[in-house]
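A.B. asks: coords below, sequence missing:
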């Protein structure tokens, strides 16, 4: 956070009176007092103070630093979710039937959004429109921003960007979208445990915990759900079943049943489906394409 102060320059003339020595006395809001010998002061000015940017929080899997939460727009602020399992208006419990999950809708608020169309950023970041999304083939947009929806006119100006990597844009270059190869590593090398974390009022949020197999262990997907403690989750990547928002609506469906996480490239030669990581209580999939018009979750990775 930046703090802005008016630039002020004071000049002092110190006149010795009866051979006395004067100090400048500063009383801080905390009550601490700082005193400086007046003869040692040449000038006083107030200048802009910039707080250091906080270090990104992440968990490392197969050499990639994954954020410890989904990307969120929260009442005017872009952020990484406070917890790995957090998403807005969560569906507590589990849908075991896809038809039931599709009928169960949760409408996102205008000022709390964590499902986004593919390839949008800048003024388009919060769109619900099915007509606004990035649509070209074979362009990996990880860490890139553009002024057009075909990803032709690249820009490094965060103010001018309207399409591209929303994670990169929203975090001012700290995070980016995951590449498809990084998703493949997760699905093919990781150990996936379906389960739930218990939050306030004994409510359960379901998802998968991904960890690196230990010595003597193998990559696998365990579909039988188990309770996951917060200590368990701290050892790996937990992806909640946050569902997907459907075109031209604010409604999120499939929450509590499946998760849909966008990568940084479109699916093969498609112009309106993006490579994604998807999963439900039936399994984990890395070869699907998610409609670019739908709002998917984003779990960013650290830019290095």
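C.D. replies: Yep, that arrived. Worth saying up front: this structure is predicted, and the values here are computed from it rather than measured.
A.B. asks: Now do the end-to-end distance for stretch 43-55.
C.D. replies: 35 Å (CA to CA, to the nearest Å).
A.B. asks: Please apply the same query to stretch 173-188.
C.D. replies: 28 Å.
A.B. asks: just the helices in the stretch 201-304 of the chain please.
C.D. replies: With DSSP state H, counting those that start in this stretch as the criterion, the stretch 201-304 of the chain has helices at 230-234.
A.B. asks: Count the neighbours of residue 218 for me.
C.D. replies: Close neighbours of residue 218, defined as other CB atoms under 10 Å, add up to 8. Using the backbone N, CA and C atoms, a C-beta is placed for each residue, glycine as well.
A.B. asks: Skipping its backbone neighbours, what lies nearest it in space?
C.D. replies: residue 191 (7.7 Å; CB to CB, 6 or more residues apart in numbering).
A.B. asks: Kindly report the same for residue 24.
C.D. replies: Among residues not flanking residue 24 along the chain, residue 36 sits closest, at 4.6 Å (CB to CB, 6+ apart).
A.B. asks: Quick check: the one you found vs residue 94, distance?
C.D. replies: From residue 36 across to residue 94, the span is 64 Å (CB to CB, to the nearest Å).
A.B. asks: higher neighbour count, those two?
C.D. replies: Between residue 36 and residue 94, counted using other CB under 10 Å, the more crowded position is residue 94 (17 against 12).
A.B. asks: That one reaches residue 206, doesn't it?
C.D. replies: Yes: at 5.1 Å, residue 94 and residue 206 qualify as touching, with contact defined as CB atoms under 8 Å.
A.B. asks: overlap in contacts of these two?
C.D. replies: Common contacts of residue 94 and residue 206 (CB atoms under 8 Å, 6 or more residues apart in numbering): 196, 225, 241, 256, 281.
A.B. asks: and the last one, how many neighbours?
C.D. replies: Other residues near residue 281 number 18, with proximity taken as other CB under 10 Å.
A.B. asks: Would you agree it is in contact with residue 193?
C.D. replies: No: shown here, residue 281 and residue 193 do not form a contact pair, counting by CB under 8 Å, at 11.9 Å.
A.B. asks: hang on, the earlier thing: find the helix or strand that the residue nearest to residue 24 is a member of.
C.D. replies: Using DSSP states H and E, the element containing residue 36 is strand 33-37.
A.B. asks: domains of this protein?
C.D. replies: Using automatic domain parsing, the domain parsing of the chain gives 2-50, 58-302.
A.B. asks: Can I get those domains in JSON lines including mean pLDDT?
C.D. replies: Output for the domains of the chain, formatted as JSON lines (pLDDT from 0 to 100):
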{"stretch": "domain 2-50", "mean pLDDT": "59"}
{"stretch": "domain 58-302", "mean pLDDT": "96"}
